[in-house]
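Chemist: This is the structure alone, sequence omitted:
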């Protein structure tokens, strides 16, 4: 198991930027993929993007591609989500997740066994 703690959420105006962090602890050596999901009020949790831990390969959903960037710091066991050109529809609770079974970046909630507590991102218009 790996423990995940997100931070960096907050309130930002449309067009602004935020950077979220996800610090991992525990059995991080057996983590293959880290991903970000988000859940807006009244909506299902959705995939935002993911990064393969060993080589840094990234994959994004179409709604954030070109605006969001995922990166990692292996030494700190931390993954980042840089969010630029934020829109009101990006408002959601953002969750970090870890997959310790697959090297493929999954887009389904059930593919991830480890989750953080979430951090709120609110984008005002």
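Modeler: Done, it's in. Just so we're clear, the structure is a prediction, and the values are computed from it rather than from any experiment.

Chemist: Tell me the confidence at the residue lying closest to residue 28 once chain neighbours are set aside?
Modeler: Closest residue to residue 28 apart from its sequence neighbours, by CB to CB, 6 or more residues apart in numbering: residue 77 at 4.8 Å. Placement of C-beta: from N, CA and C, glycine included. pLDDT for residue 77: 94.

Chemist: And residue 40, by the same measure?
Modeler: pLDDT for residue 40: 97.

Chemist: still on that earlier bit, what is the burial count for the residue nearest to residue 28?
Modeler: Residues near residue 77, counting by other CB atoms under 10 Å, number 19.

Chemist: Now do the contacts for it.
Modeler: Listed by CB atoms under 8 Å, 6 or more residues apart in numbering, the contact partners of residue 77 are 23-25, 28.

Chemist: which residues pair with the most centrally placed residue in the chain across the strands?
Modeler: Geometric centre of the chain, nearest residue: residue 36, 2.1 Å, by CA atoms, centre = their mean. Taking DSSP bridges as the rule, residue 36 bridges to residue 49, residue 96.

Chemist: before we move on, what about residue 4?
Modeler: Beta bridges link residue 4 to residue 24, judged by DSSP bridges.

Chemist: hang on, the earlier thing: measure the residue nearest to the centre of the chain to residue 3 for me?
Modeler: Per CB to CB, to the nearest Å, residue 36 is found 17 Å from residue 3.

Chemist: quick one: the strands in the chain?
Modeler: Taking DSSP state E, the strands of the chain run over residues 2-7, 10-13, 18-26, 33-39, 46-52, 58-60, 68-73, 78-83, 92-99, 114-115, 119-124.

Chemist: Adding distance to residue 105, write those out as a markdown table.
Modeler: Output for those, formatted as a markdown table (distance: least, CB to CB, whole Å):
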| stretch | distance to residue 105 |
| --- | --- |
| strand 2-7 | 16 |
| strand 10-13 | 26 |
| strand 18-26 | 15 |
| strand 33-39 | 5 |
| strand 46-52 | 4 |
| strand 58-60 | 5 |
| strand 68-73 | 10 |
| strand 78-83 | 12 |
| strand 92-99 | 8 |
| strand 114-115 | 15 |
| strand 119-124 | 21 |
